[in-house]
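Engineer: predicted coordinates and the sequence they were generated for:
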Amino acid sequence: MYTTHFISQFLFGVMIFFGFMPLSFYFSDRTATLLIETDLEPFIWGAQTTTLFLLIFIRSNMNSNKLIGLLILYTLVPLSFTFDKNGAYFLILNNYISSLISWSIAGVILIKLLFAQHFLTKM
């Protein structure tokens, strides 16, 4: 009875978790290293690709507010940057594959938003 609502909320949480995954890091020898710069890079790409396939192939009843939040998340995460003594540099934008996957997810979300609004106004 409530399974579709639960599945939609669960998928939303998984998509948020996978959206922040490129920004995850670990501490070693008093420095923080991003996981995207280690051997775990394919794992992050797999998580992002899983999110892309979830959005394309699974029909969920996420409302437009959730989709707009995911759109902002997947658009802005590749643009995150940090300041150093040499200036500012991007954390993820230099990793082209992760940035492209994030922006393709944002494109799919934008298409879902536009088509959902289109079909709702036609009814």
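Structural biologist: Done, it's in.
Engineer: I'd like the distance between residue 4 and residue 12.
Structural biologist: Distance of residue 4 to residue 12, given as CB to CB, to the nearest Å: 13 Å. For the C-beta atoms, the positions are set from N, CA and C on the backbone; glycine is no exception.
Engineer: which helix is the longest one in this structure?
Structural biologist: helix 96-122 (DSSP state H).
Engineer: quick check, central residue of this protein?
Structural biologist: residue 19 (2.9 Å; CA atoms, centre = their mean).
Engineer: I'd say that residue and residue 70 touch.
Structural biologist: Yes - look at residue 19 against residue 70 with CB atoms under 8 Å: they come within range, at 6.9 Å.
Engineer: intersection of neighbour lists for the two?
Structural biologist: Both residue 19 and residue 70 are contacted by residue 105, under the criterion CB atoms under 8 Å, 6 or more residues apart in numbering.
Engineer: still on that earlier bit, could you check how far the residue nearest to the centre of the chain is from residue 45?
Structural biologist: Counting by CB to CB, the gap from residue 19 to residue 45 is 13 Å.
Engineer: before we move on, what about residue 7?
Structural biologist: 25 Å.
Engineer: higher neighbour count, these two?
Structural biologist: residue 45 (18 against 13; other CB atoms under 10 Å).
Engineer: OK, contacts around the residue nearest to the centre of the chain?
Structural biologist: Residue 19 sits in contact with 51, 70, 73-74, 77, 102, 105, where contact means CB under 8 Å, 6+ apart.
Engineer: and residue 49, by the same measure?
Structural biologist: Taking CB under 8 Å, 6+ apart, one finds residue 101 in contact with residue 49.
Engineer: give the buried residues for the stretch of helix or strand it belongs to.
Structural biologist: According to DSSP states H and E, residue 49 maps onto helix 41-57. Using 16 or more other CB atoms under 10 Å as the test for burial, helix 41-57 gives 41, 44-45, 47-49, 51-52, 54-55.
Engineer: ok, now stretch 85-100?
Structural biologist: 91-92, 95, 98-99.
Engineer: in a strand, residue 89, correct?
Structural biologist: Yes - secondary structure of residue 89 (DSSP: H, G, I helix; E, B strand; the rest coil): part of a strand.
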